[in-house]
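> Need coordinates for the below:
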Amino acid sequence: MEIAKDLSKKIFDNIICTPAFCLSALVLTFIFSLYLDYDVSVSVTANTSSRRLPIYCVENDKKQIAISFDAAWGNEDTAEILAILKKHDVRATFFMTGGWVDSYPDDVKAIASAGHDLGNHSENHKNMSQLSTADIQLEIQKVHDKVKKLTGIDMFLFRPPYGDYDNDVITTLEEMGYYTIQWSIDTLYIKVMTF
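Sure, this is the predicted structure:
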């Protein structure tokens, strides 16, 4: 409950009100899960069409969520977010653009040192489905190489900017050793909610 209060306050006071950090998945789910008194199960189901889908959720018998952040703009809130996560012993995934990695290399190292997962959010935050396969590969590889050089970590998670993907994007990322991850709750909806 404490992390929900801390993160909710942070979201309302600073993050949602600024473009500094775009909170992206599942904080809202965490808040709601605290009030559920029944087991919630999620699963990845087979897709009967030819459309490829990213990972939205995974089957889990526990009351667990994944918290993730898109790091594509400023870093004004990074230290405080890391402190809140540490206080509550919570790990998150930070999906980073190449520009963000270039601008805030010390934050990339701090996120990695704190034990959080590092994810690829493309070099230039473009609509991936509008790019050729070669351009998709370039967008991903540039960020991958930067993060590897800074941290020694080989990233394997990718979140498409704007949630924009198609079969070619998912297939190309798989061939590069990446899982394409999508959010299931967009925290921009928190703006219309009251607590």
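
> Contact partners for T151?
Shown in contact with T151 (Cβ atoms under 8 Å, 6 or more residues apart in numbering): 108-109, 112, 118. Just so you know, the C-beta spots here come from the backbone N, C-alpha and C atoms, and that holds for glycine as well.

> Strands - which of these land there?
L118 (DSSP state E).

> and which of the contacts of T151 is nearest to G152?
A112 (8.4 Å; Cβ to Cβ).

> Identify the residue nearest that closest one in space, chain neighbours excluded?
Distance criterion Cβ to Cβ, 6 or more residues apart in numbering; nearest residue to A112, sequence neighbours excluded, is T151 at 4.3 Å.

> just A92 next, same as before
According to Cβ to Cβ, 6+ apart, the nearest residue to A92 is I67 (4.3 Å).

> Check the gap between that neighbour and T180 for me.
Between I67 and T180 the distance is 18 Å, computed by Cβ to Cβ, to the nearest Å.

> just A79 next, same as before
Taken as Cβ to Cβ, the span from A79 to T180 is 29 Å.

> Then E80 would be within a helix, right?
Yes - applying DSSP: H, G, I helix; E, B strand; the rest coil, one finds E80 inside a helix.

> tally of neighbours for it?
14 (other Cβ atoms under 10 Å).

> Could you report the pLDDT at it?
For E80, the model assigns a pLDDT of 96.

> ok, now V27?
40.

> Repeat that for T180.
At T180, pLDDT is 85.

> cool, the one 10 residues further on as well?
Predicted confidence (pLDDT) at I190: the value is 51.

> A79 and T180: which is more packed in?
Taking neighbours as other Cβ under 10 Å, A79 and T180 compare with T180 leading, 21 against 11.

> Enumerate every residue touching that one.
Applying Cβ under 8 Å, 6+ apart, the residues near T180 are 54-55, 158-160, 165, 169-170, 173-174.
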